[in-house]
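# based on what follows, work out the 3D shape:
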Amino acid sequence: MPTIIKRIDPTQLSLKEQVVAINRVTKVVKGGKNLSFSALVVVGDPAARVVGYGTGKAKEVPSAIKKGIEAAKKNLSRVNVLDGTIPHQVMGIFGTGMVMLKPAPAGTGVIAGGAVRAVITAVGIPNVLTKSLGSRNPHNSVKATINGLQQLRDKQTIADLRGLALDKI
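Prediction:
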C-alpha cells in the first residue's frame, strides 16, 4: 500500500531560508574551464514545523541560491514535535551519512553541528541532542537529518498503528 504524501503549500508559510554549503565547480572543456556554483539550501517555518531542502546550480552564487530555495519549497515536509523537543530517539540515514537525534530537557538548546543545526533550527526545535555518524558531507547530513525527522511519530499515530486506545500507550 503506497503512502500518499500531501503537498504543503509554501505560499501559506513564512519560510526562512539558510544556505548550508556553496561549492565552486569547474568543468574542463575544449576551450578551457567552465566555472559554476552549487548551493545547498534549507528552508523552514518554525511556527508550522515544516522543513525542506534543495540544491541549485548556476554560473553565479546568488542565482544558485535562488534556484536552491525554489527547489527546497517543492519538497517541504511536516515534523512532529513534542513540547520543545522530539518525541523519541531516532536515527536518520542517507547514503553513508547517519544522524542520531535524541530528545533533550528544556534549557539544553540545539547541540548539533553545521548542516544538522541548519535543519533543526529551520524546523524550530529548541532542545535536541544530535550526533553525526559516518559521512559528514553536508548533503548527506541534511538528507539524513530530514529522514530522521520524518520518522518521528506522535502518540496518536502510534496508537492508531497498534490498534490501541491512546491511554493504553
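# show the contacting residues for the residue nearest the centre of the chain.
Centroid check for the chain by Cα atoms, centre = their mean gives Ile146 as the closest residue, at 3.7 Å. With contacts defined as Cβ atoms under 8 Å, 6 or more residues apart in numbering, the neighbours of Ile146 are 51-53, 77, 92, 119. Quick note: C-beta positions are derived from backbone N, CA and C, even for glycine.
# same thing with His139?
21, 40, 55.
# so the second one is in which element?
By that I understand Leu40. strand 32-45 (DSSP states H and E).
# look up how far Gly124 lies from the nearest residue to Ile125 once chain neighbours are set aside.
Residue nearest to Ile125 in three dimensions, not counting chain neighbours: Val81, with 5.7 Å by Cβ to Cβ, 6 or more residues apart in numbering. As for Val81, its distance to Gly124 is 8 Å (criterion: Cβ to Cβ, to the nearest Å).
# sorry, back to before: report the buried residues of the strand holding Leu40.
The neighbour-count criterion (16 or more other Cβ atoms under 10 Å) identifies 37-45 as the buried residues of strand 32-45.
# quick revisit: tell me the one of the contacts of His139 nearest Pro10?
Pro10 has its nearest neighbour among the contacts of His139 in Thr55, at 16.8 Å by Cβ to Cβ.
# domains in the protein, as residue ranges please.
Following automatic domain parsing, the chain resolves into domains at 10-77, 81-159.
# Leu166 is nearest to which of those?
Comparing these under Cβ to Cβ, the one sitting nearest is domain 81-159, at 4.8 Å.
# helix or strand for the residue nearest to the centre of the chain, which one?
Using DSSP H and E, Ile146 falls within helix 138-150.
# any idea of the mean pLDDT in stretch 159-166?
On average, the pLDDT along stretch 159-166 is 80.
# one step back: strand partners (parallel or antiparallel) of the strand holding Leu40?
strand 16-29 (antiparallel), strand 50-58 (antiparallel) (DSSP bridges).
# output that strand as PDB, nothing but the C-alphas.
What follows is strand 32-45, C-alpha atoms only, in PDB (Å, rounded to 0.1, in the frame of the first residue of the first chain):
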ATOM      1  CA  GLY A  32      39.300  25.800 -21.000                       C
ATOM      2  CA  LYS A  33      37.400  25.600 -17.700                       C
ATOM      3  CA  ASN A  34      33.800  26.400 -17.100                       C
ATOM      4  CA  LEU A  35      33.200  27.800 -13.600                       C
ATOM      5  CA  SER A  36      29.900  27.400 -11.900                       C
ATOM      6  CA  PHE A  37      28.500  27.200  -8.300                       C
ATOM      7  CA  SER A  38      26.300  24.700  -6.500                       C
ATOM      8  CA  ALA A  39      24.300  25.800  -3.400                       C
ATOM      9  CA  LEU A  40      22.600  23.600  -0.700                       C
ATOM     10  CA  VAL A  41      19.800  25.500   0.900                       C
ATOM     11  CA  VAL A  42      17.400  24.600   3.800                       C
ATOM     12  CA  VAL A  43      14.100  26.400   4.200                       C
ATOM     13  CA  GLY A  44      11.700  26.000   7.100                       C
ATOM     14  CA  ASP A  45       8.900  27.600   9.100                       C
END
